[in-house]
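Novice: Let's see this in three dimensions:
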Amino acid sequence: MFYHLKIMVRNLRRGGFYSAINIVGLAIGMAAAVLLLIWVYNQWSYDRFHPKAKQIHQVWSRNEIEGVINCWQATSLMIGPALKDEYPEIVESVRVFPGDYLFGEGDRSMTAKTTYADPSFLTMFNFPLLYGDANTALNDPYSIILTEKTAKWFFGDENPMGKTLMYNMKEPVTVTGVMRDLPDNTRFNFEILGHITFREKVIGYSASWGNMGPQTYVELTPYAQLDRLNASICDIIKRNTDQRMQTEAFLYPLDKSYLYNKFENGVPSAGVTMVIMQMFIGIAVFLLLIACINFVNLSTARSSIRAKEVGVRKALGSKRSGLIGLFISESMMLAFISGIIALVFVIVVLPEFSALLGGFAGRTLSVNLFDFRFWLFALVFILLTGLLAGAYPAFVLSAFNPVKVLKGAVAGGGSRITVRKVLVVLQFSFAIFLIIGTLVVRRQIIHAKNRDAGYDKELLIYIPLPEGIANHYSAFRYDLISSGAIKDMTRTWMNMMNMWASTSSPEWRGKNPEDNRNFNLFFADGNWAKMMGAEVVMGRFPDAATFSTDSSAILINETAARMIGFEDPIGEKLSYWGYEGHITTVIKDFVLHNPFEKPQPMVIGCEKGGFPNLEILIRLTQGKTADRLATLENSFKQYSAGYPFRYQFVDDDYALRFKTEQAVEALTGAFTVIAILLSCMGLFALTALTVERRRKEIGIRKVLGASVTHITMLVSKEYLVLTIIAFALSAPLAWFVMHQFLNMYDYRTNIPVWLIVGVGILILLIAILTVGFHAIKAAMANPVDAIKSE
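Specialist: Numbering: from 1, shown residues only. Just a heads-up that it's a prediction; the model follows:
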């Protein structure tokens, strides 16, 4: 064993430059693959850690419109308790309503990620409490549970149990539990957990079958049959609304509802996260294969150097199996060295990688170095990489005929098609595929960013509407407009970028009773659309001061107008949730939540007919923004002393809509650079080896009159042709795959021919620069130095 190790170390040292290329290339490929696989595992494991995960299902809603089945996650507050009461197979139900809400204690306050849920949330899901009893902690609607980090922020090292926080700085709630900080592989993301009744009664939410906002989860008995249960519950909404609503309900397994959360005509399919997972798995495999291809190519290209060693060993009685074991052991040693380097790199880079992935990972990725499963994975990964990289060279080298190699007759690989050439083509095909993919993703982001949002985002901000300002709103507005700091302001229900209600039961004259299409609802003052810079398509902006009937004004967008069906909807009555108003305005479609989606139908209730206003939308005047904000803050504190001043720019909020795609672009771009680097490292080493083996031939050719250009082309031609072949094979495949990727988006760009051609030119230039260094160096060398030994 020691003898074999000594031989392996000696060969490693003798390899010098080529051993370094192999070790560094494998280390980079392994590190990149492991980083990607850590994220993939994190996403795959979402909410699978709950002991009851197999019994937990999410309630989804669906309807059929013009032959197309639409599915969505929002449900009514009514459906969870009804399912539990009516079906013995359903053991428990939990309604979940997330949002951002203000909590304070003394002079400390924060806008916390808050989830309001039924008390059974703590027993259905596995989120352990450090303080408090999971069975009773949320029994009181005015009780809250803090995460460990939040409790420390508010109370330091004090015991927070029984302490009081003020919701919205005016409503006292009591801390009845402290929860361990949430793991990084759950869909739930909150700092404070409250009671669902508090959300409904105190904050305000209409509990009706037609008002869909929260998500609902149910726990089934272990022996429940999902298909039979879904067939039974599908009409529960119709039964409870006297057939007024045609929306159906169905249960969807928890372990599928995160990754397969997209439905195409009622059939579940991979969501965005699953598509990104598949993409990252592909990139990880590509990078590892590129690194292994470098190893295989360099090992087989240097076969003549070790041919005599093989011949001597065989002449002295070594069997082929023993030689295969020796060569695979060498590759394992190289893989082990590379694996150690890769592991150190992963640990160092993981925080930055996690931050970059924050666009859709949501939390910090981490590796538990004390978990034996991680080390088992690392060991298996290194062994498989060493086997993948070393198996083919081991079989090739061990197959040499001892008589021929000892006579100096070693095959030179002059065949038109060799494994090495195929691998070089495969290597560059991967790189070309990744370059095209990265550029298409970037083009899609730019396309969506350039989309007309339908309103003016510049200098538009949201601030809260505390009670002090609500009671003196007119004076507050007058003071700020008079100061010149703002153009205008309007009260709204919520930040329009984050919170919309929806209903499938609005009524209008002549509506088809079977029409159950969903409408997005929003509530604001009558000057909202004008201040937003929305474009009026029909009608006029509401003006309650001039027209008293505009106190019940309703605005709709173009998509909603088409769905309602009137040629001229102005003046028509529209009702929802027991409120009736009349349409005064049709505004141009604008982007609601997702700039990649098609326009959604919108109904905006003005002055009356909706939830209470909780926010103020303000348009600042041109000038120094910091001065405008200072004036706004001073006035805010004057009217609402003790309430924390906070604001959010709408354009910043809008930019967050691109986080996922920007993270994907950044990562694919970074790993594309790594793929190109690995490919060029291999090509650089192969060219150096080719020049070294043909050194005397090149010298003789120069003596016989060959020019520098001729010698350069002689060395470069083979690899440039392989690069062109790689482009011809990979470009059509990349176009097809990225075309399928773009089909996920309603609002999408195209893939122009010039982009594909540009990538081809780019990869050819990269190959020329990589090969050209050694080619020109060989062509410029003194031929006497190459042939003087003869």
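
Novice: Who does the nearest residue to Thr492 once chain neighbours are set aside form a beta bridge with?
Specialist: Excluding the flanking residues, the one nearest Thr492 by C-beta to C-beta, 6 or more residues apart in numbering is Ala524, at 4.3 Å. (Each C-beta comes from the backbone N, C-alpha and C, glycine too.) Assessed by DSSP bridges, Ala524 has beta-bridge partners Thr492, Cys606.

Novice: Next, work out how far apart Ala781 and Lys702 are.
Specialist: 8 Å (C-beta to C-beta, to the nearest Å).

Novice: Tell me which of the two has more neighbours.
Specialist: For Ala781 versus Lys702, the count of surrounding residues by other C-beta atoms under 10 Å is larger for Lys702: 22 against 16.

Novice: what kind of secondary structure is that one in?
Specialist: Put simply, Lys702 is helix when judged by DSSP: H, G, I helix; E, B strand; the rest coil.

Novice: pretty sure it is touching Thr712, no?
Specialist: No. Lys702 is not in contact with Thr712 according to C-beta atoms under 8 Å; the separation is 11.6 Å.

Novice: what touches both of these two?
Specialist: Residues touching both Lys702 and Thr712 by C-beta atoms under 8 Å, 6 or more residues apart in numbering: Ala779.

Novice: Quickly find the element holding Thr672.
Specialist: In the assignment (DSSP states H and E), Thr672 maps to helix 659-693.

Novice: lowest-confidence helix or strand of the protein?
Specialist: Using mean pLDDT, DSSP states H and E, helix 358-361 stands out as the lowest-scoring helix or strand of the chain, at a mean of 54.

Novice: Quick one: name whatever helix or strand follows it.
Specialist: Downstream of helix 358-361, the first helix or strand assigned by DSSP H and E is helix 372-398.

Novice: For that next one, what does the pLDDT average out to?
Specialist: Helix 372-398 carries an average pLDDT of 77.

Novice: who does that helix touch, helix- and strand-wise?
Specialist: Based on contacts counted as 3 or more C-beta pairs under 8 Å, 6 or more residues apart in numbering; DSSP states H and E, the elements that helix 372-398 packs against are helix 17-44, helix 272-301, helix 303-315, helix 320-356.

Novice: Select, out of those helices, the one closest to Tyr745.
Specialist: Each of the helices and strands packed on helix 372-398 has some distance to Tyr745 by C-beta to C-beta; the shortest is helix 272-301, at 9.6 Å.

Novice: returning to what we had before: so which bits of the helix holding Thr672 are buried?
Specialist: Within helix 659-693, the residues scored as buried using 16 or more other C-beta atoms under 10 Å are 660-669, 671-672, 674-676, 678-691.

Novice: cool, and stretch 187-194?
Specialist: The neighbour-count check on stretch 187-194 (16+ other C-beta under 10 Å) flags 188, 190-194 as buried.

Novice: and these, which of them are in strands?
Specialist: Applying DSSP state E to the buried residues of stretch 187-194, the entries found in strands are 192-194.

Novice: CSV for those, including pLDDT?
Specialist: Formatted as CSV, those follow (pLDDT from 0 to 100):
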residue, pLDDT
Ile192, 96
Leu193, 96
Gly194, 95
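
Novice: Identify, from those residues, the entry nearest to Gly578.
Specialist: Gly578 lies nearest to Gly194 out of those, by C-beta to C-beta, at 27.1 Å.

Novice: contacting residues around the closest one?
Specialist: 114-117, 138, 143-145, 173.

Novice: For Thr176, grab phi and psi.
Specialist: Backbone dihedrals for Thr176, given as degrees, to the nearest 10, come out at phi -120, psi 10.

Novice: Enumerate every residue touching Asn159.
Specialist: Contacts for Asn159 were tallied using C-beta under 8 Å, 6+ apart; they are Tyr131.

Novice: buried set for stretch 706-720?
Specialist: Buried residues in stretch 706-720, defined by neighbour count with 16+ other C-beta under 10 Å: 706, 711-712, 714-716, 719-720.

Novice: cool, and stretch 557-569?
Specialist: In terms of neighbour count (16+ other C-beta under 10 Å), stretch 557-569 has its buried residues at 557-561, 563-564, 566, 569.

Novice: For Leu765, give its distance to Leu733.
Specialist: From Leu765 across to Leu733, the span is 22 Å (C-beta to C-beta).

Novice: same thing with Thr492?
Specialist: 48 Å.

Novice: between these two, which one's more packed in?
Specialist: Thr492 (23 against 13).

Novice: Need the pLDDT of that one.
Specialist: Thr492 is assigned 87 on the pLDDT scale.

Novice: give me every residue that touches it.
Specialist: For Thr492, the contact set (C-beta under 8 Å, 6+ apart) comprises 462, 522-525, 528, 613-617.

Novice: can you give me the strands in the stretch 451-600 of the chain?
Specialist: Taking DSSP state E, counting those that start in this stretch as the test, the strands found in the stretch 451-600 of the chain are 460-464, 486-492, 501-503, 507-508, 519-524, 536-539, 553-557, 573-576, 579-587.
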